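Novice: generate a structure from the sequence data that follows.
(one chain, ligands or ions: 2)
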Amino acid sequence: MTQTNNNMTVNPDLAMERAKCNFNVLEVTHIFDGGERNTLQRKKIEDVALNSGASKDALGEEHMSPKEKYENAVRKSCIYATMMKNELAELSGLESFGVSSPVIRRTADAFFKEVSPFLLHLGMFVPTIMGQCTPEQQSYWLPRALDMQIIGTYAQTELGHGTFIRGLETTATYDPETEEFVLHSPTLSSYKWWAGGLGKTVNYCIVVAQLYTKGECHGTHPFIVQIRDEDTHVPLPGIKVGEIGPKMGFNTADNGFLGFDHYRIPREHMLMKNAQVLKDGTYVKVARHGKLTYGTMVFVRVVLVNEVAFNLAKASTIAVRYSAIRRQSKPKPDEVEPQILDYVTQQHKLFIAIATAHALQLCSTWLWESFSAVLAQMKGGNTDTLPEFHALSSCLKAISTSDSAHLIEQCRHACGGHGYMISSGIPNLYNFVSATRTYEGDYTVLLLQTARFLVKAYEQAEAKKPLTPTVSYLAHAFSGSRATWDNSPDGIIRSFQALAAGKTAVCVTNMRKRMRAGLSQVDAWEMSTIQLVAAAEAHCRAVIADTYRKEIVRLTANSSPNVKVVMDQLTTLYLYYWALERTGDLLMFTSVSQKDLVDLQIAYEELLLKIRPNAVGLVDAFDLRDELLHSTLGSYDGRVYERLMEEALKSPMNKEPVSDAYSKYLRPMMKGKL
Ligand SMILES: CCCCC/C=C/C(=O)SCCNC(=O)CCNC(=O)[C@H](O)C(C)(C)COP(=O)(O)OP(=O)(O)OC[C@H]1O[C@@H](n2cnc3c(N)ncnc32)[C@H](O)[C@@H]1OP(=O)(O)O
Ligand SMILES: Cc1cc2nc3c(=O)[nH]c(=O)nc-3n(C[C@H](O)[C@H](O)[C@H](O)COP(=O)(O)OP(=O)(O)OC[C@H]3O[C@@H](n4cnc5c(N)ncnc54)[C@H](O)[C@@H]3O)c2cc1C
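Specialist: Ligands and ions are numbered 1, 2, ... in the order given. Okay, here's the model as predicted:
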């Protein structure tokens, strides 16, 4: 481990845990990183970025005012961006740092307890230029954006509409006289709202607006728009821009609002890869698929699966290490108080978090590879695989963000009162990840997109037509008998598929019934949406379980025996956990009996005990440096109580022995003089 420092005093309970771990921790780190080469490269990047101490703050961010917090985040963003240009891009093997690698993205977390105001620049502005511009447009904008000569964001959502993109109200009306688009915000609800960095940081943004030319509306299209002077940073005439105020998290991201008053931009500032407006105002559609302008969102959904896996790994590292040093209660009067990690209920809370971090990490790599294949096909003009990929990325984004937020909160519960401290690191992780469930497509809305695809696939299976890979299991949905329960990993995965198929079948049957009873197709769909969301969730869980299992079997083929065992235990735990969470569904759609479920519960509890001795080793294998964890409870050395006290003493409230509030309010009240 990088962090093993000969001079470091490690809490004796943590030292004991590490001594009893029976597998090679580094081998598991390699599996999580996607290979030894990636681990070595990651460590090099982390060493360069973090060893100088530039990521540290003299005063904790949590003690700063909102303005100080923002300015400090900009200061560090500039340091990090300069590091990326000068050193990190080359180390990461990227041609330029703009093609942001997950490692670089993750290393940045050491600099920010919340997020960087530049998050949207590299996260969406640059990817939109890469995905939505013609080659000529790219050659103009990309070098300036990558060199940070301009800083941008992605302004799509408005006060009145986020989910329903077609309902956006901002207009971009083409004027052939001047060869310009006129951007306008006709209503209050048309004001752009939410874009990260928009409030104070950026001088450019991608604006998504309804395109009008020759008196006709052609729907939403992206434009690149300068909003602030490149020298003075003052908002340009016709632009009304500001910051939207305090939020649950993201408080260093200066999310902003933006309105236009007949603001003119050159025609060439429409991003013209998928559609064009000629000089005379003629509209030309280039793309073969109508939804290619949504490409940046699909990209970010893919990235988010990886992002939340990483944050869940952080939370489980904090909670497991803390649970190893924390001793509480005395179930056996003659023995010392046990480590709270010895309580089976604690293991139930935490080991699923470790397993889920692995499951999502491996699924994210698989999803990224599928995405690359879809992009390669689309380059050749073939968009056939896009609908399946949209369905897949939508449900994986929804379930991964939702499960991670839930499990991070569970990690906080597992840390008792101390988990509630900002210094534990968990509240910031939760605030960040809970936003991912909403942004880039709300949970329910995205699952309903997957459900659309599932219903169509079900109808194809019914008509004995070929099915795409992720829904091929639907072919077995018409056997007429319930799926046979079998508690082997493959058997459980087959049951999860049977459950998704069964739920989809129920939706289709109910919708048909409702339509026969006179409801329109739209109303019959609406009445079935609770079940459609459940069907899409079940489908996604089957995909995750199947991918996780297959990937672990593949990746551990040459691992040492104990690594194979512990990785197998984690995947099995994941399968048992979700089977036990869905007993009602299994009883409905498979042959499982009450006895099978009682046996499964016992097998699950025994598995927790088998994993217990390796729990600290498993979180050490995530190899998260203390700088990334920002946690009093989760540091490698386990000096939890010392760190809690050190942090408490840093509180500005402890600067003077008597608060001013005493003479102003307390004393007058207590002396009856208020
Ligand atoms: C770096 C990280 C920081 C990020 C910070 C946060 C940034 C943001 O949040 S940016 C804003 C993100 N906003 C969203 O994600 C909005 C979510 N809404 C949507 O994506 C869409 O509006 C929709 C998918 C919910 C609906 O789109 P709509 O145009 O109304 O389409 P229909 O429902 O009518 O569907 C027609 C047809 O098209 C398919 N489809 C929809 N989206 C895509 C897509 N991206 N790719 C491929 N296909 C797509 C849809 O499934 C329908 O197919 P059929 O069923 O075959 O008709
Ligand atoms: C921290 C943060 C950062 C963000 N950053 C950006 C950014 O940089 N750029 C940007 O453009 N946007 C950004 N957003 C906006 C974000 O993309 C939207 O908030 C998100 O897409 C959800 O849309 P909404 O707010 O309109 O929610 P709504 O659609 O109003 O959702 C409210 C409720 O209605 C339900 N609902 C809505 N439509 C349907 C439907 N058809 N069927 C069933 N239920 C439905 C939802 O499930 C939800 O329960 C950000 C948001 C957050 C929280």
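Novice: so what touches stretch 416-433?
Specialist: 60, 62, 113-115, 248-250, 308, 311-312, 314-315, 318-319, 322, 326, 328, 401, 404-405, 408-409, 411-413, 415, 629-634, 640, 643-644, 647 (Cβ atoms under 8 Å, 6 or more residues apart in numbering). From N, CA and C alone the C-beta is placed, and that goes for glycine too.
Novice: which one of the residues in the protein is closest to ligand 1?
Specialist: G123 (2.3 Å; Cβ to the nearest ligand atom).
Novice: now do the same contact list for the nearest residue to that residue once chain neighbours are set aside.
Specialist: In space, and not counting its chain neighbours, G123 is closest to V300: 6.6 Å by Cβ to Cβ, 6 or more residues apart in numbering. The contact partners of V300, by Cβ under 8 Å, 6+ apart, come to 123-124, 127, 440.
Novice: quick one: which of these sit in helices?
Specialist: Judged by DSSP state H, these include P127 as members of helices.
Novice: which element follows the helix ranked longest in the chain toward the C-terminus?
Specialist: The residue-count maximum for a helix in the chain (DSSP H) belongs to helix 344-379. For helix 344-379, the following helix or strand on the C-terminal side (DSSP states H and E) is helix 386-414.
Novice: now E216, which residues is it bridged with?
Specialist: Going by DSSP bridges, E216 is paired in beta bridges with T213.
Novice: what's around it, how many residues?
Specialist: For E216, the neighbour count with other Cβ atoms under 10 Å is 9.
Novice: related to what we said a few turns ago, how close does the residue nearest to G123 sit to I399?
Specialist: In this view, V300 and I399 are 16 Å apart by Cβ to Cβ, to the nearest Å.
Novice: format the CA atom coordinates belonging to stretch 637-655 as PDB.
Specialist: Extracted C-alpha coordinates of stretch 637-655, given in PDB (Å, rounded to 0.1, in the frame of the first residue of the first chain):
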ATOM      1  CA  ASP A 637      -4.000   5.000  10.500                       C
ATOM      2  CA  GLY A 638      -7.300   4.900  12.300                       C
ATOM      3  CA  ARG A 639      -6.500   7.800  14.700                       C
ATOM      4  CA  VAL A 640     -10.100   8.600  14.800                       C
ATOM      5  CA  TYR A 641     -10.600  10.200  18.200                       C
ATOM      6  CA  GLU A 642      -7.400  12.200  17.900                       C
ATOM      7  CA  ARG A 643      -8.500  13.600  14.500                       C
ATOM      8  CA  LEU A 644     -12.000  14.400  15.800                       C
ATOM      9  CA  MET A 645     -10.600  16.400  18.600                       C
ATOM     10  CA  GLU A 646      -8.000  18.100  16.300                       C
ATOM     11  CA  GLU A 647     -10.800  19.100  14.000                       C
ATOM     12  CA  ALA A 648     -13.100  20.300  16.800                       C
ATOM     13  CA  LEU A 649     -10.300  22.600  18.100                       C
ATOM     14  CA  LYS A 650     -10.000  24.200  14.600                       C
ATOM     15  CA  SER A 651     -13.500  25.400  14.900                       C
ATOM     16  CA  PRO A 652     -13.600  29.300  14.800                       C
ATOM     17  CA  MET A 653     -16.100  29.000  17.700                       C
ATOM     18  CA  ASN A 654     -13.200  27.800  19.900                       C
ATOM     19  CA  LYS A 655     -11.000  30.900  19.200                       C
END
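Novice: work out for me the element T296 sits within.
Specialist: helix 295-325.
Novice: that helix and ligand 2 in contact?
Specialist: No - using Cβ under 6 Å from any ligand atom, we find that helix 295-325 stays clear of ligand 2, coming within 8.4 Å at best.
Novice: what subset of the contacts of stretch 416-433 is buried?
Specialist: Buried subset of those (neighbour count, 16 or more other Cβ atoms under 10 Å): 62, 113-115, 249-250, 308, 311-312, 314-315, 318-319, 322, 326, 401, 404-405, 408-409, 411-412, 415, 629-634, 640, 643-644, 647.
Novice: need the pLDDT of the residue nearest to K279 when sequence neighbours are not counted.
Specialist: Distance criterion Cβ to Cβ, 6+ apart; nearest residue to K279, sequence neighbours excluded, is E179 at 5.7 Å. Looking at E179, its pLDDT reads 98.
Novice: many thanks, have a good one.
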